[in-house]
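Peer 1: how would this look folded up:
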Amino acid sequence: MLDRLLLRYFRAPEHPAKLRVVRWLGRAVLPEVGIVAPIHGELRLCLHPRDWIEYLLLRGDAYEPCTLHFLEANLRPRDGAILAGTNFGLHVAVAARAVGESGLVLGVEPQPEALLRARHNLRLNGLLSRVRLVQAALGREKRLAQMAWSATENPGTASLLDPGDGFVTSLQPLDAVKELLGAAPFRLLLLDVQGFELEALKGLHLAEGPELAVVELDPEFLTRAGTPAEAVVERFTAAGYSVTDLHGNPPLNLLSLPERNFVAVKSPSVQVHWCPGI
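Peer 2: Numbers count the residues shown, from 1 in each chain. Predicted structure coming up:
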């Protein structure tokens, strides 16, 4: 009953004091894990408005709808997928639903709290058996690295580039992680690692890479990493991949892509279902 009442308020029309009221509700009324809300079709996720992305979803707004459509449309039963950066589990849950009971999704995430939240939401939707959660960051080689704790207001932006108190995490190359797919064919890679994309890709032999890759290019994090967006794209084109945006169009500006993601396709024979044009 409480979940329904709160959700009705979150999805009611905006007013000048609404954000202050929502923040108070988040501190004083909502459980620490949040409330359950229907999201993206039949998914139900436990969300809390302290995270701005989760608040968008609680309001009934969409988050990265084209990226989610691309995952749904291009992952098939029995496929294998690696999603790096799980946050609270939205993209992993969509992918897990698409690959079915016979497929496998690897959710790679260094932040312990994000892994626990993703696990909770996967269990809530009966999808936990289709996912293996991997507590690690991605890099060109195996090593240990210091990582700051994620920010409360947006844990999804946690980056190895951030300063501050934190913990020591393991860096693993994608070549090692993909072995966990076992017999599931490596259909898709989603890479959202906040400026560490090039380092992560240096740990993957793209000759044995995925048929499809969806890679985020965030201008702020790329600048902090000192990585040109072109260098990330060239990692794929040098291996024979073609590169487009989520709609299948040539990327005219790598720093203003729809939802900040480009798509890499391994060969012309790979069937791709694009997000409908805007």
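Peer 1: low-confidence ranges in the stretch 151-278 of the chain?
Peer 2: Scanning the stretch 151-278 of the chain for pLDDT under 70 picks out 151-158, 278.
Peer 1: what segments of it are strands?
Peer 2: 166-172, 186-191, 212-216, 242-244, 261-265 (DSSP state E, counting those that start in this stretch).
Peer 1: buried stuff in the first one?
Peer 2: Right, the one you point to is strand 166-172. 166, 169, 171-172 (16 or more other CB atoms under 10 Å). In short, each C-beta sits where N, CA and C put it, glycine included.
Peer 1: tell me which other helices or strands it touches.
Peer 2: Applying 3 or more CB pairs under 8 Å, 6 or more residues apart in numbering; DSSP states H and E, we find strand 166-172 packed against strand 137-138, strand 143-148.
Peer 1: distance from that strand to the middle of the chain?
Peer 2: 19 Å (CA atoms, centre = their mean, to the nearest Å).
Peer 1: for stretch 52-62, same thing?
Peer 2: 16 Å.
Peer 1: same question, stretch 54-73
Peer 2: With CA atoms, centre = their mean, you get 11 Å for stretch 54-73.
Peer 1: ok, stretch 233-243 next?
Peer 2: Here stretch 233-243 is found 21 Å from its chain centre; the criterion is CA atoms, centre = their mean.
Peer 1: now do it: everything it contacts.
Peer 2: The set of residues external to stretch 233-243 that reach it, using CB atoms under 8 Å, 6 or more residues apart in numbering, is 198, 201-202, 206-207, 209, 213, 215, 251, 254, 262-268.
Peer 1: would you confirm that residue 50 contacts residue 26?
Peer 2: Yes: Residue 50 sits in contact with residue 26 when judged by CB atoms under 8 Å, with a separation of 5.2 Å.
Peer 1: in the stretch 51-200 of the chain, which spans are helices?
Peer 2: 52-58, 65-74, 90-99, 112-124, 174-177, 197-201 (DSSP state H, counting those that start in this stretch).
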